[in-house]
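**Student:** Fold the following, please.
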Amino acid sequence: MSWFVLFVAGLLEIAWAVGLKYSDGFTKLGPTVATVCSLIASFFLLGIALKTLPVGTAYAVWVGIGAVGTAILGIFLFGESVSALKLASLALICIGIVGLKMAHV
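**Tutor:** Predicted coordinates:
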């Protein structure tokens, strides 16, 4: 169950990171409120997951999910550049996330 909670926390990290862009420097109320709510929920769920998961592993997985998801959404939502090196680097982060999950048995 902790891994599922951590996964949802990672998804919410993506939401607040993308929300920062949509909030336009916290000048747009709706996106700002959504961003802050996502941020609070993400940290709350990370804290729940840390009750049973090692902090180093959980934090790295949380950040990895957020980084990969945010980079992918940046490409699709904001037209950010995409290259073979960028995609390979994102794949390496994913491999690292899987490796950390598999190392925690």
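
**Student:** if I look at the residue nearest the centre of the chain, how far off is L29?
**Tutor:** With distances taken as CA atoms, centre = their mean, the chain has G66 as the residue nearest its mean C-alpha position (1.6 Å). From G66 over to L29 the distance is 24 Å, taken as CB to CB, to the nearest Å. Where you see a C-beta, it was placed from the backbone N, CA and C, and this is true even at glycine.

**Student:** packing partners for the longest helix seen in the chain?
**Tutor:** Ranked by residue count, the top helix of the chain under DSSP state H comes out as helix 55-78. On a contact count with 3 or more CB pairs under 8 Å, 6 or more residues apart in numbering; DSSP states H and E, helix 55-78 meets helix 2-22, helix 29-49, helix 84-103.

**Student:** T57: which of the ones you listed is closest?
**Tutor:** Counting by CB to CB, T57 lies closest to helix 84-103 out of these; the figure is 5.1 Å.
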